[in-house]
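Undergrad: Sequence first, predicted model second:
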Amino acid sequence: MDVSIVNRFFDDVSEKIGLEEGYRQVLRYPARETTVQIPVRMDDGQLQIFTGYRVQHNADRGPYKGGIRYHPDVNLEEIRALAALMTWKTALVNIPYGGAKGGVACEPRQMSEEEIKRLTFSFTNKLRMVIGPMLDIPAPDVNTNAKVMAWIMHEYSKSHGWSPAVVTGKPVELGGSPARESATGRGAIIIAKEAAKSHGLVFEGARVVIQGFGNVGSHAALVAAKEGARVAAVSDVYGGLYNPQGLDVEALAQVVARKGKIPETNGGEAVTNEELLELECDILIPAALEDVLTKRNTPRIKAKLVIEAANMPTTEEADRILRERGIPVIPDILANAGGVIVSYFEWVQNMQHYLWERKQVATELKKLLTRAYKSVIQTAEEKKMSYREAAFAIAIERVAKAIRLHGI
Ligand code: GLU
């Protein structure tokens, strides 16, 4: 993965906004990196050692915040880039957090639930001095979910007392927000609707193609369908399904919940993940992993609008090609910020021990995202920047101002 893309954008935009060199140095590198060894007794009795990371990029606007992913490709470089991205994301949507990211290099698909649980307990134990409700608040990311967050909270609370605010994305019964699981996907569609409006597309009836049917992609698909779009294709790691007239996403979600994967036929024809990205459509939503839009496939992409629901799905070359081709890209730090925004609401409720109504969460989410969207559009116009540059510019200026106010 080309992880340096975050820093290259940071450097370019810092140059454009005239950020002082000292601040550039501070913000180019993480404030703290923790690498830990995680010994786990596997079900067969063997002791296996995993490596875990927590990278804390910046905390000048509030405690560190960001997800934890379990994936074989997890490495320090990737986590570093994703941690920086969290700093820019929380600053852009203006919630009082910094940025962090964590992960463990493992293959959860080949591990039992008990093994994943022991891994999580052991990882949390190793991180317990660097995380905390006012220090660093993890959340779900690739291959982690409410269950994993509950285990982190349990392990952390053993040494710190009842601490629901140490993680977000928890089960509702342990202080989680019922709207957190769907929040990233919902947020991506709130942004997609706004972007469609700004670019002369009618969302109702628009053909939407979504790569990924996990926590982000599945909810994006369900919300898009509910809002009247035609979800023409979706996919998971094994492949996808295509029907230009629109798939029955609800039915598909039920099959996936039962069988664990998208069926090869169910109201559509089978497509590969590569084919899916190049399908005829109005809105393309990459909602899986990094680096899926590359210099190889981007010249053939037919979408009129790209909404980055995944983190860093577009390589630097692909970003340039899309720009040359006049295809607007709504960057990840805006398009997928719904998740961390609802995490923030969950944390606020945990800190106050006071529960909001679900409707309040939805209203506030829309308010924050729409505000951020408008500021990006306005900055892009005023400064003649791409949306990604504009989003970075707003975020960098906010963080730099916070550093200055701290008296550094
Ligand atoms: N993992 C999500 C992200 O990349 C959410 C992070 C959070 O809620 O803290 O934005």
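TA: All right, it came through fine. Numbering: from 1, shown residues only.
Undergrad: Quick one: classify residue 280 as helix, strand or coil.
TA: coil (DSSP: H, G, I helix; E, B strand; the rest coil).
Undergrad: which residues does it contact?
TA: Shown in contact with residue 280 (Cβ atoms under 8 Å, 6 or more residues apart in numbering): 207, 244, 302. Any C-beta I mention is one placed from the backbone N, CA and C, and that applies to glycine too.
Undergrad: go on, residue 193?
TA: By Cβ under 8 Å, 6+ apart, the neighbours of residue 193 are 203, 227.
Undergrad: What are the contacting residues of stretch 55-64?
TA: Contacts for stretch 55-64 (Cβ under 8 Å, 6+ apart): 26-27, 30-34, 76, 79-80, 82-84, 86-87, 90-91, 95-102, 130, 132-137, 398-399, 402-403, 406.
Undergrad: thinking residue 160 is in contact with residue 166, fair?
TA: Yes. Counting by Cβ atoms under 8 Å, residue 160 does reach residue 166; the two are 7.4 Å apart.
Undergrad: shared neighbours, the two?
TA: Joint contacts of residue 160 and residue 166 (Cβ under 8 Å, 6+ apart) are residue 132.
Undergrad: Which ones among the contacts of stretch 55-64 lie within helices?
TA: Counted as lying in helices by DSSP state H, out of the contacts of stretch 55-64, are 26-27, 76, 79-80, 82-84, 86-87, 90-91, 398-399, 402-403.
Undergrad: Neighbour-wise, give me the winner out of the residues you listed.
TA: With neighbours taken as other Cβ atoms under 10 Å, the top of these is residue 87, carrying 33 neighbours.
Undergrad: Check what pLDDT that one gets.
TA: For residue 87, the pLDDT comes out at 98.
Undergrad: ok, it - contacts?
TA: 27, 57-58, 98-99, 395, 399.
Undergrad: let's see it at 7 Å
TA: 57-58, 98-99, 399 (Cβ atoms under 7 Å, 6 or more residues apart in numbering).
Undergrad: Torsion angles phi and psi at residue 293?
TA: phi -100, psi 110 (degrees, to the nearest 10).
Undergrad: how close does it get to residue 5?
TA: 12 Å (Cβ to Cβ, to the nearest Å).
Undergrad: next one: residue 227
TA: Counting by Cβ to Cβ - residue 227 and residue 5 are separated by 31 Å.
Undergrad: follow-up on the earlier one: the more surrounded of residue 160 and residue 166?
TA: Taking neighbours as other Cβ under 10 Å, residue 160 and residue 166 compare with residue 166 leading, 26 against 13.
Undergrad: Wait, that one touches residue 156, no?
TA: Yes. Assessed by Cβ atoms under 7 Å, residue 166 is found in contact with residue 156 at 4.8 Å.
Undergrad: joint contacts of those two?
TA: In contact with both residue 166 and residue 156: residue 131, using Cβ under 7 Å, 6+ apart.
Undergrad: Looking at the ones in helices among the contacts of stretch 55-64, which is nearest residue 327?
TA: residue 82 (24.5 Å; Cβ to Cβ).
Undergrad: What residues are bridge-paired with the residue nearest to that closest one when sequence neighbours are not counted?
TA: In space, and not counting its chain neighbours, residue 82 is closest to residue 101: 4.0 Å by Cβ to Cβ, 6 or more residues apart in numbering. Residue 101 forms beta bridges with residue 55, as assigned by DSSP bridges.
Undergrad: show me which of the contacts of residue 280 neighbour the ligand.
TA: Contacts with the ligand are made by none of the contacts of residue 280, judged by Cβ under 6 Å from any ligand atom.
Undergrad: buried ones in stretch 44-55?
TA: Within stretch 44-55, the residues that qualify as buried by neighbour count (16 or more other Cβ atoms under 10 Å) are 50, 52-55.
Undergrad: That stretch and the ligand in contact?
TA: No. Judged by Cβ under 6 Å from any ligand atom, stretch 44-55 makes no contact with the ligand; its nearest approach is 12.6 Å.
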